[in-house]
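In: mind folding the following:
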Amino acid sequence: MGPEFTSSSSSSSSATDRRLSALVRHLTTTSPSMGSQTTVTFSPTSGFHGDSVFNHVVRAPEDPILGVTVAYNKDPSPVKLNLGVGAYRTEEGKPLVLNVVRKAEQMLVNDRTRVKEYLPIVGLADFNKLSAKLIFGADSPAIRENRVTTVQCLSGTGSLRVGAEFLARHYHQRTIYIPQPTWGNHPKIFTLSGLSVKTYRYYDPATRGLNFQGLLEDLGSAPSGSIVLLHACAHNPTGVDPTLQQWEQIRQLMRSKALLPFFDSAYQGFASGSLDADAQSVRMFVADGGECFVAQSYAKNMGLYGERVGALSVVCKTADVASRVESQLKLVVRPMFSNPPIHGASIVATILKDRNMHNEWTIELKAMADRIISMRQKLFDALRSRGHSTYCCFFCVFICYADAIFETNVLVIQL
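Out: Numbering: from 1, shown residues only. Have a look, this model is predicted:
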């Protein structure tokens, strides 16, 4: 006779106990193989005998960016600077949580009606709507005509990956051109998504500025329809951006060759201190009625690094196309991370939809941007006063400007 589950009290078994008892009786009577003579054998993957089946796995090198942080944390020196991850720090070298972010979080905590239910596959609706307005402008014709579809993703990296996966499945060209140099994660993201990665000239070491002629030549020779990655502002890692006039020439060239723009907007408002100024390059491409992709991140401009808050927006020719694109983006997201997390996106939406909080955010954002610019100047002046070369000064300056560094370099300066 099979085992019985009984309540510890003298009263009759609860309904739950009776159901469990019935289930156990069913299993023991219908599964003879579960009897006492059953022999249990271990598979080769059990690890009880012999070597690990993963003995062939080699140790991977540390990530060139995040690996610097690992080395930084291990270094016992009391006077050290982490020039790896592009993250804003206070005078004490600590991460800064914006006052408006703390305020928004407290509001969310105090709202007892909030629950932890799954978000839809595309994410938090308010967040998506407000993110599109932030990058394209509240009066954008593309938004007004419902030609924009936006899905919440895992910060900028996740937004790039979702967009790249969609393009690999549904776009007729599988080649993406990225600037040389660019953020170290870009080639990996696009390659693993199934795209072929090529580069176009961008930075000129001789002038320490934009190689604009080389950029135009390389994009001019790219096959029609190719995808082109563009940094919306604060190019990482050089900090060198085209002027508005140069952006217009880039736009005209790309549209004449039907090249598809894919913007990476990781620093909106963080470069100049103005959200609108840092979005001008994107808005120029949207204003002409053409199509483009935009990946957004709130890691820098709201200090939400660990919350992984981002969005992918696709600007289409018609509302119908945008709707169909969104349906396919869902099929990319679902097996990748199912649906995005709710907390970080709720913080962003809370701030963006409240006028006073939005204004408070822009003030704090401007203060961060101004401090970065000020620190660059102070570093430049300190190096120059000690007789360091102009090259060394410039190298250090654009490290601070771009909020990043060349990913394989560690810079140590004694002032």
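
In: let me see the ranges of the strands in the stretch 151-300 of the chain.
Out: With DSSP state E, counting those that start in this stretch as the criterion, the stretch 151-300 of the chain has strands at 175-180, 196-201, 203-204, 209-210, 227-231, 260-265, 292-297.

In: TSV please, covering the ones you listed and showing mean pLDDT and distance to Thr350.
Out: C-beta coordinates here come from the backbone N, C-alpha and C atoms, glycine included. Shown next, in TSV, are those (pLDDT from 0 to 100; distance: least, Cβ to Cβ, whole Å):
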stretch	mean pLDDT	distance to Thr350
strand 175-180	98	35
strand 196-201	98	38
strand 203-204	96	39
strand 209-210	96	38
strand 227-231	98	28
strand 260-265	98	21
strand 292-297	98	17
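
In: and the ones you listed as TSV, adding distance to Glu145 and mean neighbour count?
Out: Converted to TSV, the strands of the stretch 151-300 of the chain look like this (distance: least, Cβ to Cβ, whole Å; neighbours: other Cβ atoms under 10 Å):
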stretch	distance to Glu145	mean neighbour count
strand 175-180	27	21
strand 196-201	31	17
strand 203-204	37	18
strand 209-210	34	16
strand 227-231	23	25
strand 260-265	19	24
strand 292-297	15	26
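
In: which residues of the chain fall in helices?
Out: For the chain, the helices defined by DSSP state H cover 15-30, 66-74, 99-110, 125-136, 141-144, 155-170, 185-192, 212-220, 244-256, 280-287, 319-337, 343-352, 355-385, 390-402.

In: tell me which of the ones you listed lies nearest to Leu229.
Out: helix 185-192 (6.5 Å; Cβ to Cβ).

In: can I get that closest one in PDB? Just the C-alpha atoms.
Out: Taking Å, rounded to 0.1, in the frame of the first residue of the first chain, the C-alpha atoms of helix 185-192 are listed here in PDB:
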ATOM      1  CA  ASN A 185      31.100  45.500 -27.900                       C
ATOM      2  CA  HIS A 186      29.700  46.600 -31.300                       C
ATOM      3  CA  PRO A 187      31.500  44.000 -33.400                       C
ATOM      4  CA  LYS A 188      30.500  41.200 -31.100                       C
ATOM      5  CA  ILE A 189      26.900  42.100 -30.900                       C
ATOM      6  CA  PHE A 190      26.400  42.400 -34.700                       C
ATOM      7  CA  THR A 191      28.500  39.300 -35.500                       C
ATOM      8  CA  LEU A 192      26.700  37.100 -33.100                       C
END
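
In: pLDDT (mean, whole number) over it?
Out: In this model, helix 185-192 carries a mean pLDDT of 97.
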